[in-house]
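Asker: What follows is a predicted protein model with its sequence.
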Amino acid sequence: MNKMIFSNLLHRPVRSVISVVAIGVEVTLILLMVGLATGLLNDSRMRQQGLGADVIVLPPGASFLTGLSGAPVSIKVADVLRRLPHVAAVAPIIFQTNTSKTVEVIYGIDLASFQALGGPFHYLAGGPFAGPDSIIVDDYFARSKNVHVGDFLPLLNHSFRVCGIVEQGRGARKFLPISTLQDMIGAQGKASVFYAKLDNPGNANLVVDEIKNIPGMQTYSVRSMADYLSMYTVGNMPGLSSFISVVVGVAMVIGFIVIFQAMYTAVMERTREIGILKSLGASRMYIVNVILRETLLLAIAGIIFGVVLSYTARAGIVGSIPTLRVIVPRVWIVYAAIIAIIGAMLGAIYPAVKAARKDPIDALAYE
């Protein structure tokens, strides 16, 4: 039987290749979408962790996603937090989301308090802010855009001079003086978030409770960084889980339609062959088994092709856009394989059953 299955597939090489490629595209679509989502989440989580804070304080009603909160509260909240026991440093930060060419979050920082969280910036070139029109960028951004110290960057309808290039992993990829960003968005004396560094990370939950008991701050969103970072999952991203489900559904439909068309056409073309098999004593289950085995073989070849294509595309994306992270979880390779096989098998069931029900006499008389 196996020899016959391979012969059938090789006898129609174009159709077999198209089926393999279609299933491969299905697998690639799933893995790249999940890889992009996972990579972006992991990158954001690592950069938040790199700030060196132990507690995060967000204004009432703010999204837990930093960068979507605006600048709704007074920066004087930082002074209130600094007076608490166990609080060693507090850094107010103002966010601004830039969507001119790509979606990015810009940090407005007070350099001294920001460096008190996780230590001084490691400058690969240049140095600290040299004035209100200075900007610090990380090495990933500088490398991807071929930016050097002294270059001018257009940002938020303004031109900033690059004063320093630092190692990535400290929250944002672009940093402006907090006063500059406040003036640009009309939020003087405001901040988007407050990060607190403690004398001992083990006191995080104690400080969280203390902050929540401060009059007027009961409605603030206060979490330890460990708790906050644990929320960086696909399920907690607004709409992301639904988006991935839609992508998986579309991918499965692609596999179903392609395999259905390929197997149905193959059955129609092999009517006489099926009649010969049945006249020689082949049962209905034997015919179904042949069709499903051919489908399974196509699905396996398509899965292998899809995984190879996914890693090739991943290397191309990371090479051309270094700031974009793509991580393909191994568990999703298994999920994608299962989804591809299920879609292919569903597409082959009707052609297989139709082939099994053919009357051998009518099949042998078919021209």
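Answerer: Cool, the structure landed. Since this is a predicted model, take the numbers as computed values, not measurements.
Asker: what distance separates the longest strand along the chain from the middle of the whole chain?
Answerer: Secondary structure of the chain per DSSP state E: the longest strand is strand 87-98. Relative to the chain's own centre, strand 87-98 is displaced by 25 Å; criterion: C-alpha atoms, centre = their mean, to the nearest Å.
Asker: Where does pLDDT dip in the stretch 201-350 of the chain?
Answerer: 234-239, 266-282, 322-323 (pLDDT under 70).
Asker: Mind jotting down where the strands sit in it?
Answerer: Secondary structure of the stretch 201-350 of the chain (DSSP state E, counting those that start in this stretch): strands at 221-224.
Asker: where exactly do the helices run in it?
Answerer: 204-212, 225-229, 240-269, 271-279, 284-320, 330-356 (DSSP state H, counting those that start in this stretch).
Asker: do you know which of the ones you listed lies nearest P132?
Answerer: For the helices of the stretch 201-350 of the chain, the distance to P132 is smallest for helix 225-229, at 30.4 Å, taking C-beta to C-beta. C-beta coordinates here come from the backbone N, C-alpha and C atoms, glycine included.
Asker: My reading is that V162 is in a helix; is that accurate?
Answerer: No - counting by DSSP: H, G, I helix; E, B strand; the rest coil, one finds V162 to be strand, located in no helix.
Asker: Which pLDDT value goes with the closest residue to it other than its chain neighbours?
Answerer: Spatial nearest neighbour of V162, chain neighbours left out: D151 (5.0 Å); criterion: C-beta to C-beta, 6 or more residues apart in numbering. If you check D151, the pLDDT there is 94.
Asker: and the next helix or strand after the longest strand of the chain, average pLDDT?
Answerer: Sequence-wise, the next helix or strand downstream of strand 87-98 (DSSP states H and E) is strand 104-109. Taken as a whole, strand 104-109 has a mean pLDDT of 89.
Asker: Which residues does strand 104-109 contact?
Answerer: 66-67, 91, 93-98, 155-156, 171-182 (C-beta atoms under 8 Å, 6 or more residues apart in numbering).
Asker: 7 Å instead, please
Answerer: 66-67, 93-98, 171-178, 180-182 (C-beta atoms under 7 Å, 6 or more residues apart in numbering).
Asker: now the helices of the stretch 201-350 of the chain in CSV, with mean neighbour count and distance to R12?
Answerer: CSV is the format used below for the helices of the stretch 201-350 of the chain (neighbours: other C-beta atoms under 10 Å; distance: least, C-beta to C-beta, whole Å):
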stretch, mean neighbour count, distance to R12
helix 204-212, 17, 64
helix 225-229, 17, 53
helix 240-269, 18, 7
helix 271-279, 17, 12
helix 284-320, 18, 10
helix 330-356, 19, 14
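Asker: looking at those, which is closest to V147?
Answerer: helix 284-320 (16.2 Å).
Asker: Check which helices and strands the closest one sits against.
Answerer: Here helix 284-320 touches helix 2-11, helix 13-49, helix 240-269, helix 330-356, going by 3 or more C-beta pairs under 7 Å, 6 or more residues apart in numbering; DSSP states H and E.
Asker: and of those, who's closest to D227?
Answerer: Short answer: helix 13-49, nearest of the helices and strands packed on helix 284-320 by C-beta to C-beta, at 12.1 Å.
Asker: which parts of the closest one are buried?
Answerer: 15-16, 19-41, 43-45, 47-49 (16 or more other C-beta atoms under 10 Å).
Asker: quick one: average pLDDT of it?
Answerer: The average pLDDT within helix 13-49 is 84.
Asker: Can you tell me which of the helices and strands packed on helix 284-320 is nearest to E294?
Answerer: Comparing the helices and strands packed on helix 284-320 by C-beta to C-beta, helix 2-11 comes nearest, at 5.3 Å.
Asker: Using JSON lines, lay out the helices and strands packed on helix 284-320 together with distance to A313.
Answerer: As requested, the helices and strands packed on helix 284-320 are exported to JSON lines (distance: least, C-beta to C-beta, whole Å):
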{"stretch": "helix 2-11", "distance to A313": "26"}
{"stretch": "helix 13-49", "distance to A313": "6"}
{"stretch": "helix 240-269", "distance to A313": "15"}
{"stretch": "helix 330-356", "distance to A313": "14"}
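Asker: Let me know which of the ones you listed is the nearest to I291.
Answerer: Nearest of the helices and strands packed on helix 284-320 (C-beta to C-beta): helix 330-356, 3.7 Å.
Asker: could you say what helices and strands the closest one packs with?
Answerer: helix 13-49, helix 240-269, helix 284-320.
Asker: So which of these is nearest I341?
Answerer: That would be, of these and by C-beta to C-beta, helix 284-320, which comes in at 4.9 Å.
Asker: ok, S192 to A91 distance?
Answerer: 12 Å (C-beta to C-beta, to the nearest Å).
Asker: Pop the domain breakdown of the chain in here.
Answerer: 2-42+239-364, 60-219 (automatic domain parsing).
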